[in-house]
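Student: structural data only, the sequence is not supplied:
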Ligand SMILES: O=c1[nH]c(=O)c2nc[nH]c2[nH]1
Ligand SMILES: [Zn+2]
């Protein structure tokens with residue numbers, strides 16, 4: 001048994017509905033056995049009930065639930081930084097040429113390692129990962145993910161038109177390769193599978209039907225895709241599906257809109273689409289850095305919440321600007337501010353919830369991870385800024401835990417991530433200053 005002593009904060013409930021959702025222990029204790037939290041509360045109390053537990057002293061840092069990134073592309077880590085374009089041009093010039101390189105499993109393995117290491121070193125413990133178009137690159141990805149111990153929900157991306165021929169599949173092959181990957185990887189270690197048509201623009205009705213068949217045959221796998229990101233993309237989808245009521249309709253007709261689904265972006269939804277997503281408990285992954293970088297627009301969070309659509313956060317690497325869920329939270333805050341009275345004022349508790357517990361719920365993993373409740377896995381990130389940094393200064397002068405949390409989202413970066421655990425297993429530890437390779 002291990003007893004972690006720390007200042008910890010989490011949001012077991014949603015601050016959008018529960019005003020006191022942020023729970024804080026300034027000198028807290030989390031008792032962990034076999035990767036699960038056995039007891040949680042003030043350190044003195046937990047210690048009194050478990051005098052023999054080994055104590056890990058994390059005082060001086062802030063312990064948060066591990067971040068949950070609900071939309072991030074594994075093949076795009078090397079093409080971060082492709083600025084100056086909107087979605088369709090960015091795909092064509094910046095991204096799809098790189099995705100084609102993952103046909104080589106050696107290349108794919110190197111990218112998978114870079115990707116997984118970036119997740120862990122940014123404090124992300126669970127991710128819904130948009131995969132590669134190649135089944136071989138997915139085998140490599142799942143092998144590497146299993147080795148790291150991170151929780152990944154990932155799937156082969158499928159498309160059968162309008163990208164580039166080497167990325168296209170057929171409905172029959174998509175079904176066969178998807179089935180084989182699910183049988184090989186779903187539920188292995190901490191990996192789960194997500195059926196992943198790239199977007200309706202690059203997927204025929206027959207391909208979406210093949211995805212629907214997989215979802216019906218394997219009732220526990222997840223579904224993810226893109227929706228309503230960019231006005232030109234939306235217009236093209238409506239032209240490609242002339243009978244469709246809107247962008248969601250082709251997904252709906254194929255049986256893909258369920259409580260196990262996460263649709264990325266949804267910057268330009270209709271009221272009907274929001275109503276259908278809410279009715280089926282299908283979540284939206286809001287990716288504010290990507291929406292800014294690709295000029296996609298300002299996410300209508302208020303309309304989602306009013307319609308009852310569950311929302312979590314995603315980095316959307318490489319349309320986004322990196323793996324930091326702290327940055328993503330800050331950008332979500334900025335964009336709601338920019339919306340003025342149409343925006344939702346977000347406080348630090350909202351940002352923490354959107355980047356942790358909301359993600360767990362979107363992935364149907366709310367009973368397992370996302371907060372520090374008793375019975376949950378010990379998935380955690382310890383944030384501790386290096387001495388003398390601006391964040392260090394500001395945290396030392398913060399007058400409340402809420403203010404400390406706001407400071408972490410405002411100023412926190414990858415360099416502030418000191419340690420990360422998944423299911424009680426260490427998955428990342430910052431190299432102490434002075435001990436870097438070459439120093
Ligand atoms: O942000 C995005 N990134 C992508 O890779 C993509 N593919 C389709 N639609 C997309 N949007
Ligand atoms: Zn995306």
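Tutor: Okay, I see it. This structure is a prediction, so every number in the text was calculated from the model and none was measured. Ligands and ions are numbered 1, 2, ... in the order given.
Student: just the element for the closest residue to residue 327 other than its chain neighbours, please.
Tutor: Closest residue to residue 327 apart from its sequence neighbours, by C-beta to C-beta, 6 or more residues apart in numbering: residue 289 at 6.4 Å. Using the backbone N, CA and C atoms, a C-beta is placed for each residue, glycine as well. Assessed by DSSP states H and E, residue 289 sits inside helix 288-293.
Student: got the buried residues for the next helix or strand along the chain from that helix?
Tutor: Per DSSP H and E, the first helix or strand lying C-terminal to helix 288-293 is helix 301-307. For helix 301-307, a neighbour-count test (16 or more other C-beta atoms under 10 Å) marks 301, 303, 304, 305, 307 as buried.
Student: phi, psi of the closest residue to ligand 1 within the stretch 51-200 of the chain?
Tutor: Nearest to ligand 1, among the residues of the stretch 51-200 of the chain, is residue 199, at 4.2 Å (C-beta to the nearest ligand atom). For residue 199, the backbone dihedrals (degrees, to the nearest 10) come out as phi -170, psi 160.
Student: so it sits against residue 225, correct?
Tutor: Yes. Contact criterion C-beta atoms under 8 Å: residue 199 and residue 225 qualify, at 5.8 Å.
Student: what average pLDDT does stretch 420-433 get?
Tutor: Averaging pLDDT along stretch 420-433 yields 94.
Student: separation between residue 272 and residue 30?
Tutor: Noted for residue 272: a distance of 44 Å to residue 30, by C-beta to C-beta, to the nearest Å.
Student: counting neighbours, go ahead and name the busier of those two.
Tutor: residue 30 (27 against 13; other C-beta atoms under 10 Å).
Student: just to revisit the earlier point, now the buried residues of helix 301-307 as JSON lines including distance to ligand 2 and pLDDT?
Tutor: Formatted as JSON lines, the buried residues of helix 301-307 follow (distance: C-beta to the ion, whole Å; pLDDT from 0 to 100):
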{"residue": "301", "distance to ligand 2": "18", "pLDDT": "98"}
{"residue": "303", "distance to ligand 2": "21", "pLDDT": "98"}
{"residue": "304", "distance to ligand 2": "18", "pLDDT": "98"}
{"residue": "305", "distance to ligand 2": "22", "pLDDT": "98"}
{"residue": "307", "distance to ligand 2": "22", "pLDDT": "98"}
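Student: related to what we said a few turns ago, quick one: the residue nearest to residue 327 from residue 66, how far?
Tutor: Computed as C-beta to C-beta, the residue 289 to residue 66 distance reads 19 Å.
Student: those two: which is more packed in?
Tutor: In terms of neighbours (other C-beta under 10 Å), residue 66 is the more surrounded of residue 289 and residue 66; the figures are 29 against 24.
Student: mind checking if stretch 160-177 is in reach of ligand 1?
Tutor: No. Using C-beta under 6 Å from any ligand atom, stretch 160-177 never reaches ligand 1; the gap is at least 8.7 Å.
Student: first-to-last residue distance for that stretch?
Tutor: 14 Å (C-alpha to C-alpha, to the nearest Å).
Student: which residues touch that stretch?
Tutor: Stretch 160-177 is contacted from outside by 91, 96-97, 99-100, 103, 133, 135, 156, 158-159, 198, 201-204, 206-207, 209-211, 213-214, using C-beta atoms under 8 Å, 6 or more residues apart in numbering.
Student: which secondary structure element contains the nearest residue to residue 346 once chain neighbours are set aside?
Tutor: Spatially, and ignoring its direct neighbours in sequence, residue 346 is nearest to residue 333 (4.7 Å; C-beta to C-beta, 6+ apart). Using DSSP H and E, residue 333 falls within helix 325-338.
Student: which ones are touching the closest residue to residue 325 other than its chain neighbours?
Tutor: Leaving out its chain neighbours, the residue that sits closest to residue 325 by C-beta to C-beta, 6+ apart is residue 67, at 3.8 Å. Going by C-beta under 8 Å, 6+ apart, residue 67 touches 122, 123, 124, 125, 126, 325, 326, 355, 356, 359, 381.
Student: kindly report the same for residue 288.
Tutor: 299, 313, 328, 331, 332, 334, 335.
Student: counting neighbours, what do you get for the first one?
Tutor: Look at residue 299: counted by other C-beta under 10 Å, it has 25 neighbours.
Student: which residue, other than its chain neighbours, is closest to it?
Tutor: Among residues not flanking residue 299 along the chain, residue 286 sits closest, at 5.0 Å (C-beta to C-beta, 6+ apart).
Student: was I right to think residue 66 contacts residue 420?
Tutor: Yes. Counting by C-beta under 8 Å, residue 66 touches residue 420, with 6.4 Å between them.
Student: what touches both of the two?
Tutor: Joint contacts of residue 66 and residue 420 (C-beta under 8 Å, 6+ apart) are 123, 125, 380, 381.
Student: what stretches of the stretch 101-250 of the chain score poorly on pLDDT?
Tutor: For the stretch 101-250 of the chain, no stretch is flagged by pLDDT under 70.
Student: isn't residue 60 up against residue 383?
Tutor: No. Using C-beta under 8 Å, residue 60 makes no contact with residue 383, being 10.6 Å away.
Student: in terms of neighbours, single out the busier of those two.
Tutor: More crowded of residue 60 and residue 383, by other C-beta under 10 Å: residue 383, with 22 against 13.
Student: coming back round to it: the shared contacts of residue 66 and residue 420: which two are farthest apart?
Tutor: 123 and 380 (8.8 Å; C-beta to C-beta).
Student: more neighbours, the two?
Tutor: When residue 123 and residue 380 are compared on other C-beta under 10 Å, the one with more neighbours turns out to be residue 123, at 29 against 26.
Student: show me where the stretch 301-439 of the chain has strands.
Tutor: Assigned by DSSP state E, counting those that start in this stretch, the strands in the stretch 301-439 of the chain fall at 311-313, 380-383, 417-422, 425-429.
Student: turn those into JSON lines, columns for distance to ligand 2.
Tutor: Shown next, in JSON lines, are the strands of the stretch 301-439 of the chain (distance: least, C-beta to the ion, whole Å):
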{"stretch": "strand 311-313", "distance to ligand 2": "13"}
{"stretch": "strand 380-383", "distance to ligand 2": "23"}
{"stretch": "strand 417-422", "distance to ligand 2": "23"}
{"stretch": "strand 425-429", "distance to ligand 2": "24"}
